[in-house]
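Peer 1: Okay, here's the prediction I keep looking at, along with the sequence it came from:
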Amino acid sequence: MHVILLGPPGVGKGTQGILLANSMGWQRVVTGDLLRAAVNAGTDLGQQAQEYMSAGELVPDPLIIEMVKEKLSALPAGTGVLFDGFPRTEPQVTAFGVMLEALGLTIDRVVVLEASDEVLVARIAGRRSCPTCGSVYNSVLAPPQREGVCDNDGSQLVHRTDDTEATVQNRLTVYRRETEPLISYYEGSNAIVHHISGDQGVDEVQAEVLQALGVGL
Ligand SMILES: [Zn+2]
């Protein structure tokens with residue numbers, strides 16, 4: 001099964017992606033991770049990407065698509081794959097479709113996590129992270145035991161500068177403009193599209209995702 005997981009920033013996509021891939025034994029494909037791994041390993045594609053990054057430029061889509069292709073080609077046949085937050089623009093969808101066809105693969109399902117801008121902004125603005133262990137807390141949804149302090153190591157939690165209300169609103173606008181239209185594209189394809197509310201607890205969202213995919217308990 002090949003599944004795309006989409007959703008706006010703050011909807012809990014990362015968390016659900018990891019839970020889903022782990023519980024199904026699927027390979028999770030995250031382009032940011034592929035990019036970092038390729039650069040660190042100094043592969044051909046990684047070196048090309050590094051040149052753009054060193055110049056302060058975005059890594060172009062064709063390079064990203066090549067990385068995804070390399071990853072998919074290396075997986076044993078029949079491996080379930082979860083594309084987490086990719087593709088996220090129309091040019092990516094087009095190039096991705098061409099690449100999948102060349103590999104003889106199709107997208108079976110698309111899971112869209114949804115929540116209102118109001119909920120998402122409040123969530124992200126309430127985010128605090130630990131500079132020591134990387135744990136993420138939320139003053140509303142998942143507060144630490146002691147306010148402002150990491151449960152694991154007692155470090156002072158910090159508020160990332162890109163988690164302010166203005167930057168969050170900006171990222172949401174980009175999502176609504178660039179990524180949301182892709183949902184109707186997939187609704188017009190052979191893939192089955194599931195819409196699930198991200199405005200509920202982690203366990204409830206996970207249960208709904210598994211049920212939608214027909215792999216629930
Ligand atoms: Zn910590």
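Peer 2: Here it is on my side, so go on. Bear in mind the structure is a predicted one, so any value in this text is a computation, not a measurement. Numbering: from 1, shown residues only.
Peer 1: Going by C-alpha atoms from here, please, whenever you check contacts or count neighbours.
Peer 2: Noted.
Peer 1: tell me the secondary structure for Phe96?
Peer 2: The three-state label given to Phe96 by DSSP: H, G, I helix; E, B strand; the rest coil is helix.
Peer 1: That one and Glu66 touch, don't they?
Peer 2: No: counting by Cα atoms under 8 Å, Phe96 does not reach Glu66; the two are 9.4 Å apart.
Peer 1: Return the nearest residue of this protein with respect to the ion.
Peer 2: Cys133 (4.1 Å; Cα to the ion).
Peer 1: now that residue: how far from Pro181?
Peer 2: 36 Å (Cα to Cα, to the nearest Å).
Peer 1: If you count surrounding residues, which of these two has more?
Peer 2: Set Cys133 next to Pro181 and count neighbours by other Cα atoms under 10 Å: Pro181 wins out with 14 against 11.
Peer 1: any idea which helix or strand carries that one?
Peer 2: In this assignment (DSSP states H and E), Pro181 forms part of helix 180-187.
Peer 1: Near the ion, which residues of this structure? Just list them.
Peer 2: 130, 132-133, 150, 152-153 (Cα under 5 Å from the ion).
Peer 1: Counting neighbours, which of those comes out on top?
Peer 2: Cys150 leads the residues of the chain next to the ion on contacts (other Cα under 10 Å) with 25 neighbours.
Peer 1: which residues does that one contact?
Peer 2: Neighbouring residues of Cys150 by Cα atoms under 8 Å, 6 or more residues apart in numbering: 130, 135, 144, 156-157.
Peer 1: Equivalent analysis for Pro143, please.
Peer 2: Applying Cα under 8 Å, 6+ apart, we find Pro143 in contact with Tyr137.
Peer 1: Quick check: it vs Val11, distance?
Peer 2: 17 Å.
Peer 1: now the angle between helix 180-187 and the helix or strand that Ala102 is a member of, please.
Peer 2: Using DSSP H and E, Ala102 sits within helix 90-103. With axes from the mean of the first three to the mean of the last three Cα atoms, to 10 degrees defining the directions, helix 90-103 sits at 30 degrees from helix 180-187.
Peer 1: coming back round to it: now do the same contact list for the residue of the chain closest to the ion.
Peer 2: Cys133 makes contact with 152-153 under the criterion Cα under 8 Å, 6+ apart.
Peer 1: Now with 7 Å, please.
Peer 2: Listed by Cα atoms under 7 Å, 6 or more residues apart in numbering, the contact set of Cys133 is empty.
Peer 1: That one sits in which helix or strand?
Peer 2: Here Cys133 is assigned to no helix or strand, by DSSP H and E.
Peer 1: I'd like to know which elements the helix holding Ala102 is packed against.
Peer 2: Helices and strands touching helix 90-103, as assessed by 3 or more Cα pairs under 7 Å, 6 or more residues apart in numbering; DSSP states H and E, are absent.
Peer 1: Excluding covalently adjacent residues, which one is nearest to Leu141?
Peer 2: The shortest distance from Leu141 to any non-neighbouring residue, by Cα to Cα, 6 or more residues apart in numbering, is to Arg123 (7.6 Å).
Peer 1: I'd say the one you found and Gly10 touch.
Peer 2: Yes: counting by Cα atoms under 7 Å, Arg123 does reach Gly10; the two are 6.5 Å apart.
Peer 1: so what's the backbone phi/psi at the residue lying closest to Gly7 once chain neighbours are set aside?
Peer 2: Leaving aside its sequence neighbours, Gly7 sits nearest to Leu113 (Cα to Cα, 6+ apart; 4.8 Å). With angles defined as degrees, to the nearest 10, Leu113 sits at phi -90, psi 130.
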